[in-house]
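Student: Fold the following and give me the result.
(one chain, ligands or ions: 1)
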Amino acid sequence: MSKELIERVSNYLNNNVQIELISQGAEAVVFITHSHPYLPNASDDKEQYIIKYRPAKKYRHPAIDKALTKHRTLSESRILAKLSQIDGINVPKLIACDVYNGCIWLEFLGVDLPNQCGFSNLKNFLWMSVADPYSQLVEDVLIKVGRQIGLLQWNDYCHGDLTTSNIVLVPENGTWSAFLIDFGLGSSSNLVEDKAVDLYVLERAIISTHSSFADKYNQWIMQGFSQIYELHGKSGLKKLKEITRRFEDVRLRGRKRSMIG
Ligand SMILES: Nc1ncnc2c1ncn2[C@@H]1O[C@H](COP(=O)(O)OP(=O)(O)OP(=O)(O)O)[C@@H](O)[C@H]1O
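Tutor: Numbering: from 1, shown residues only. This is a model prediction of the structure:
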C-alpha cells in the first residue's frame with residue numbers, strides 16, 4: 001500500500017490519531033487505532049477501534065467516484081446501525097461515519113487465538129481445531145454461526161459476502177460468540193434467491209478451506225440456521241423450506257457451472 005495513501009488518511013484523521021494498517025481489500029483499507037473519534041486526545045491503549053476507509057479510485061470519473069463512495073459507506077453504516085437494534089444479532093457497533101470521506105469507525109472485535117493461530121475469525125478457528133475437528137466446541141461454534149445467519153435472514157437482511165473471514169469469534173463467558181462483519185455488500189432483502197446465495201457462498205468457503213470436515217461443518221451451520229426459523233412455527237417452517245429448496249437449486253447451478261467451466 002502506498003505511503004501516500006497512509007499519509008492521506010493520517011492527514012484526514014488529524015495527526016494525533018495513530019493508525020495501524022491491518023487489511024487492504026479491493027474496496028477498502030482497514031486500520032486499527034486506539035483513538036476514539038470524538039475524543040482523539042484521550043487515547044487509551046486498551047481500547048481499540050476499527051477505521052474502514054474507502055479510498056478514491058483514480059480510474060473512476062471523480063463525480064461518479066464520490067457518489068459511489070458516499071453510497072457504499074452510507075449503505076454499510078445504515079445496515080450496521082439497523083442490525084445492532086435487532087435482538088440477538090451480533091455485529092460491530094457503528095461509532096461514527098463520514099460518508100463524504102468514505103470513512104467509518106467501528107467497535108473492534110476478536111482476539112488473537114492461542115499458539116499463533118492468528119486472529120479469531122471462523123477460518124482460523126477451524127484451522128486451529130483440526131486436531132479435534134468434531135469437538136463439542138466446534139459444533140457449538142458452528143451452530144451459533146448458523147443462528148446468526150438465521151437471525152439475519154429471518155429479519156430479511158442478506159450479507160452478500162459470507163466468508164469464514166467475515167465471521168469473527170469473540171470470547172464470552174468461557175466460550176465463543178459469533179459476530180458477522182463486513183456489510184459492504186449487505187442489503188435488506190426478502191428474496192429467497194439472495195438468502196440461498198448467502199448460504200451457498202459460506203458453504204463453498206468451508207468446502208474450499210476445510211474440505212475433509214466440510215459436510216459435518218455445513219450440517220451444523222444449517223442446524224443453527226434452522227433453529228431460528230423453527231422458533232416461528234408454521235410460517236417459519238414454510239420460509240425455511242423455501243430457502244433450503246432454493247439452496248439446493250443454487251448448488252445444482254454451481255455444480256453445472258463448474259462442470260461446464
Ligand atoms: N470490527 C472489526 N473488528 C476486528 N477486525 C475487523 C473488524 N472489521 C474488519 N476487521 C478486519 O479487517 C478485515 C477487512 O475488513 P472488511 O472485510 O470489512 O473490509 P473489506 O475491504 O471489505 O475486505 P475484503 O475486501 O477483504 O472483504 C477483516 O477481515 C478483519 O480481519
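
Student: List the contacts of stretch 46-59.
Tutor: 5, 8-9, 13, 19, 27-37, 62, 65-66, 69, 72-73, 76, 92, 95, 101-108 (C-beta atoms under 8 Å, 6 or more residues apart in numbering). The C-beta positions use only the backbone N, C-alpha and C, and glycine is treated the same way.

Student: Kindly recompute the last result at 6 Å.
Tutor: Taking C-beta atoms under 6 Å, 6 or more residues apart in numbering as the criterion, the residues outside stretch 46-59 that touch it are 5, 9, 28-33, 65, 69, 73, 102-106, 108.

Student: ok, how many other residues are close to Ser235?
Tutor: 9 (other C-beta atoms under 10 Å).

Student: how would you label Trp105: helix, strand or coil?
Tutor: Reduced to three states with DSSP: H, G, I helix; E, B strand; the rest coil, the structure at Trp105 is strand.

Student: Per-residue pLDDT of it, please?
Tutor: The predicted local distance difference test score for Trp105 is 97.

Student: Who are the contact partners of it?
Tutor: Counted by C-beta under 6 Å, 6+ apart, Trp105 has contacts Pro37, Tyr49, Ile51, Ile95, Ala96.

Student: Narrow those to just the buried residues.
Tutor: Burial of these was assessed by neighbour count (16 or more other C-beta atoms under 10 Å); the buried members are Pro37, Tyr49, Ile51, Ile95.

Student: now whatever residue of the stretch 1-150 of the chain ends up closest to the ligand: how far from Asn155?
Tutor: When scored by C-beta to the nearest ligand atom, the stretch 1-150 of the chain has Gly25 as its residue closest to the ligand, at 2.2 Å. Counting by C-beta to C-beta, to the nearest Å, the separation of Gly25 from Asn155 is 26 Å.

Student: do Ser165 as well
Tutor: Taken as C-beta to C-beta, the spacing of Ser165 relative to Asn155 amounts to 23 Å.

Student: Likewise for Lys52?
Tutor: With the distance defined as C-beta to C-beta, Lys52 ends up 23 Å from Asn155.
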